[in-house]
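Peer 1: 3D, please:
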Amino acid sequence: MSADSQPIVLIHGMWMTPRSWDSWVDHYADRGYRAIAPAWPGVRDPEETRRDPSALKGLGIKTVVDHYDQIIRGLDRPPIIIGHSFGGIFTQLLLDRGLGVAGVAIGTGAPKGVVLLPASTLRAGLPALKNPFNRNGLCPLTEKQFRWRFTNTLSQEESDAIYREHYIPGTNRPFFEAAFANMSSNSPAAVNYSNPARAPLLLICGSEDHISPPSVNKKLLELQSKAPSATELKVYPGRPHFMAGLDGWEELADYALNWTLEHASARAAGTIPAPTTTGS
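Peer 2: This is a model prediction of the structure:
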């Protein structure tokens, strides 16, 4: 599969905006691909969203996934779908709907079926989950909280610069939906892991990621490998949750693109590689 105006849809995560993908959009465009990074409903640029985040109240997983579903179905050909953090969950849900030629979930959140989450993952969601009566409210982060979740390999000063450029308040509802997914028979975070229509999926995480550590991704690899399509996990040593926006992001962007192109072509040809894990 060559460029030929192949579309790529990039999905940002919680506490972020499409600005977090600017470098990737330009990088892929320089290689001849049509990369777009649409915002979640209610998300505008960081400065405007920080001033008035009220449109994010009550925003749930299904609403966001339906939003991207509509965007993807409006394209002239199926895209490569790449998502970060909660965007990684959305990517898996979109692939489960039969959308996309291949997908990449970077530092993904955990869909239904991933149990016994590590303490660091549980801690990451505490600002949203601490008040069960505020399910439809907002979830702000301080600079210190942001660093622990996104940029824990950087100094506080370095992290604060990223906070000022990218951070917006989060919305609580997706955290509740994901946290209680395994107790719900109709969870919006449910994935059919045996879906024969699911396109190839690459999982990427950093060894220092507090939100989506390798243990979560290895469990997810086990679940997603029930599908007949290619499934792989790539672990990058020494990288935190915001690895797609830090030095060395080009390596991730190129690996993700090359992997999806290779496996989308192999799927079209009827050749499905076995699931693998690379990295430490």
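Peer 1: can you give me the helices for the stretch 151-280 of the chain?
Peer 2: Listed in chain order, the helices found in the stretch 151-280 of the chain under DSSP state H, counting those that start in this stretch are 156-166, 173-179, 214-224, 249-269.
Peer 1: check which residues of the third one are buried.
Peer 2: This points to helix 214-224. Across helix 214-224, burial judged by 16 or more other C-beta atoms under 10 Å covers 214, 216-217, 219-221, 223-224. Backbone N, C-alpha and C define where each C-beta goes, glycine included.
Peer 1: now those residues as JSON lines including distance to residue 157 and pLDDT?
Peer 2: Below are the buried residues of helix 214-224 laid out as JSON lines (distance: C-beta to C-beta, whole Å; pLDDT from 0 to 100):
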{"residue": "214", "distance to residue 157": "28", "pLDDT": "98"}
{"residue": "216", "distance to residue 157": "29", "pLDDT": "97"}
{"residue": "217", "distance to residue 157": "30", "pLDDT": "98"}
{"residue": "219", "distance to residue 157": "35", "pLDDT": "98"}
{"residue": "220", "distance to residue 157": "34", "pLDDT": "98"}
{"residue": "221", "distance to residue 157": "36", "pLDDT": "98"}
{"residue": "223", "distance to residue 157": "39", "pLDDT": "98"}
{"residue": "224", "distance to residue 157": "38", "pLDDT": "98"}
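Peer 1: which strand or helix spans residue 81?
Peer 2: Assigned by DSSP states H and E, residue 81 belongs to strand 80-84.
Peer 1: that strand: partners in the sheet, and parallel or antiparallel?
Peer 2: strand 7-11 (parallel), strand 102-106 (parallel) (DSSP bridges).
Peer 1: would you map the strands across the chain?
Peer 2: Per DSSP state E, the chain carries strands over the ranges 7-11, 34-36, 80-84, 102-106, 138-139, 170-171, 201-206, 231-236, 276-279.
Peer 1: quick one, which of these is nearest to residue 262?
Peer 2: When those are compared by C-beta to C-beta, strand 102-106 sits nearest residue 262, at 8.9 Å.
Peer 1: just the CA trace of that closest one, in PDB.
Peer 2: Provided in PDB are the C-alpha atoms of strand 102-106 (Å, rounded to 0.1, in the frame of the first residue of the first chain):
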ATOM      1  CA  ALA A 102      -5.500  -0.700  10.300                       C
ATOM      2  CA  GLY A 103      -5.200   0.900  13.700                       C
ATOM      3  CA  VAL A 104      -2.600   2.000  16.200                       C
ATOM      4  CA  ALA A 105      -3.400   2.500  19.900                       C
ATOM      5  CA  ILE A 106      -0.600   4.500  21.700                       C
END
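Peer 1: ok, and what's touching it?
Peer 2: Contacts to strand 102-106, defined as C-beta atoms under 8 Å, 6 or more residues apart in numbering, come from residues 80-85, 87-89, 91-92, 94-95, 199-205, 243-244, 252, 256, 259-261, 263-264, 267.
Peer 1: now do it, average pLDDT.
Peer 2: Per-residue pLDDT over strand 102-106 has a mean of 99.
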